[in-house]
Structures are given as structure tokens and as C-alpha cells.
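Q: Curious how this folds, go ahead:
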Amino acid sequence: MTDIIDHTAEANGAFTVAALYHFAAFPDYKSFREPLLEACRQNNICGSLLIAREGINGTIAGPAEGIANILAFIRSRPEFRNLEHKESFASKKPFLRMKVRLKKEIVTMGVEDIDPTQIVGTYVDAKDWNALISDPETIVIDTRNDYETAIGIFKGAIDPNIKTFREFPDWVRNNPGLHNKPKIAMYCTGGIRCEKSTAFMKQLGFDEVYHLKGGILKYLENVPAEESLWEGDCFVFDERVGVGHGLEEGEYKLCRACRFPLKAEDTSSPLFEEGVSCPHCHDSRTEEDRERFRQRQLQMKLARKRGEKHLAPQG
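A: All right, here's what the predicted structure looks like:
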């Protein structure tokens, strides 16, 4: 499958990127898919949006006017009139195409009867976050996956080292030491995983549960680097790979075989082959896998020569 490259925003020097989510009772979500997808196409928007009975979640990019139009379109639904979003910018097109997917959950935790519209932790603004996580009576937990925490984490935070968010509930159940201090502070990229994780913690009987409002992205946007307790970059799910303070683009690349963020030393490794392998996945792949990835990489190069973007599935 191929898409013709859209040069409109590239010619203007930047793409506006909007990260958004909103939990709401949305029983007729299936009928919203096609109108939303068509509106995105009409406004030259790329990215991914998930819609489910519990709300909407995703990240989109495009010209500033197009992003404003789509946000207004989404907020025209009564369920999403209070939707909040976070904006940043990318120098290159951060997504290859536009997808609107129907899902059971807008963020998959796999725990029944978790409803963030009914019970959730206490929101903490970015300006107040340092004081909370510096309190010796606070346990700080990163709710993200291992490939995200690999490039950045808050000072003193616990990394559960999970592969997917589905593993988080079992990690909590298997760590009774989390009851040793009265306060639990949790954070994630934009805030959505903490909506569910804090609701889950409250359901388990934890009393003082807090989460970073707007997530790491809002913190990096608002807290000066010289006052920051954040170490490293924040992984983002687009072609930028990572962002730092001020939401400036980082210098990471993405392994097209395993989706792990790569540092300069990773791409200098003899185990790195563009689109085929990296030091993180080389030993877990067969030579047949690598040959398949080489063929995919060749097709992508040929597509670029034709002025197209090849959208072959990732391994």
C-alpha cells in the first residue's frame, strides 16, 4: 500500500502535532468513525485516532489550520466538548497516513469495570509535581513500557519494566511494598494511562493516589530545564521518536524491526542494519526474519524514489 507524500505543511517548515484523549460515555462510537476519517482527509491530517465506548484517544499532525478544524469537529460532539489537547511541532511529517480505529478500550489495560469518569486519582499540575515526587513519603511510578523508559524517566521513579500496559495490574499486585508509603505518584506520556492506572489503584484500596496532569509532555512544556527533575527524553509515538524540554525534537532514531528507540551508539553497532535489526532485537530474530525485513526496506527505498511512502507493516 502506498500514499502520495503531502508536501503542503513541509513547504511551510513545520507540522503541528496534537495529542488528545477524553474519557466519556460514547455508545454510538462506531457511527463516528467514517465522518471523523473523512474530516481528517479533507484537512490533510495524518496520525492515529482510537474511538471506543469509553471515549477517544490519539495523536494527529498536519497544518495548523487543519488541526484546529479537526479539534473543533471532535468538540462539536457533546461527549467531547471539554476535550483538552497538547500541541507540539515536528520539522518532518511525523506519521505516514491517517487511521481511525474502533477499539474495545482507548488505552488497553484489560481490567473490567475501570471507569475514570467515576473514580480517578488526584491531578497534580506540572508546577507542583517536583514538590510531590521529592517528598520522602511518596512512591513515584512510571506507568509506561520499557522501550519508553529506556530514553527518559523522572529522578527517583520506579520503572516496572513492563512490555505492555496490560502487564501493569499484575506488577502492582505482585509488589506489596507499594503500601509502605502513604502517597503514590504516577505519570505517563500524556496522562491517559494514568487515568486508568490511578483508577485501578484506588479500586485496590490505595488512598492517596496522584498523577501528573497532562503527563510528561505538559511537564516538559512548562517546567524550565534548570528546575527539572526529568532525566533524558520523552518517547513519543511518531517519527520524532523523542522530545526534550520545550518539546524540542530529540536525536533518537527508531528501529523499524522492533520499534525500539536508538541512540547514536546503537546505530554505530555492527548489529544495526537500517530497517532490519538493532542491538536490542538482533539476537531475537532469525535470518529469515532479517531477509524479509531487507526486502521490505528495499520496497520502501523504491517507493521513495517514486515520490511515494511505502506503508508496509512493521515486523
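Q: alpha carbons only for contacts and neighbour counts from here, please
A: Will do.
Q: Below-threshold pLDDT in this structure: ranges please.
A: Applying pLDDT under 70 to the chain flags the ranges 1-13, 307-315.
Q: And the helices in it?
A: Along the chain, the stretches classed as helices by DSSP state H are 8-12, 33-42, 64-75, 126-134, 146-149, 168-173, 192-203, 215-222, 264-267, 287-305.
Q: and the angle from the fourth one to helix 215-222?
A: The reference is to helix 126-134. Comparing the axes of helix 126-134 and helix 215-222 via axes from the mean of the first three to the mean of the last three C-alpha atoms, to 10 degrees yields an angle of 120 degrees.
Q: Only C-alpha atoms, please: export helix 126-134 in CSV.
A: C-alpha atoms of helix 126-134 as CSV (Å, rounded to 0.1, in the frame of the first residue of the first chain):
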residue,chain,number,x,y,z
ALA,A,126,3.3,20.4,36.4
LYS,A,127,4.4,23.3,38.6
ASP,A,128,3.6,21.3,41.7
TRP,A,129,5.0,17.9,40.6
ASN,A,130,8.6,18.4,41.8
ALA,A,131,7.4,19.0,45.4
LEU,A,132,5.3,15.9,45.4
ILE,A,133,7.9,13.5,44.0
SER,A,134,10.6,14.9,46.2
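Q: who touches that helix?
A: With contact meaning C-alpha atoms under 8 Å, 6 or more residues apart in numbering, helix 126-134 is reached by 138-140, 185, 212-214, 218-219, 222-223, 228-229.
Q: List the buried residues in that helix.
A: Within helix 126-134, the residues that count as buried by 16 or more other C-alpha atoms under 10 Å are 126, 129, 130, 132, 133.
Q: circling back to that earlier point, adding distance to residue 115 as columns, could you present the helices of the chain in CSV?
A: Converted to CSV, the helices of the chain look like this (distance: least, C-alpha to C-alpha, whole Å):
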stretch, distance to residue 115
helix 8-12, 38
helix 33-42, 22
helix 64-75, 21
helix 126-134, 24
helix 146-149, 25
helix 168-173, 15
helix 192-203, 7
helix 215-222, 19
helix 264-267, 41
helix 287-305, 41
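Q: closest one to residue 279 among these?
A: Closest approach to residue 279 among those is made by helix 264-267 (6.4 Å; C-alpha to C-alpha).
Q: contact partners of that closest one?
A: Residues outside helix 264-267 that contact it (C-alpha under 8 Å, 6+ apart): 252, 272, 273, 278, 279.
Q: distance of the first one from residue 263?
A: Counting by C-alpha to C-alpha, to the nearest Å, the separation of residue 252 from residue 263 is 5 Å.
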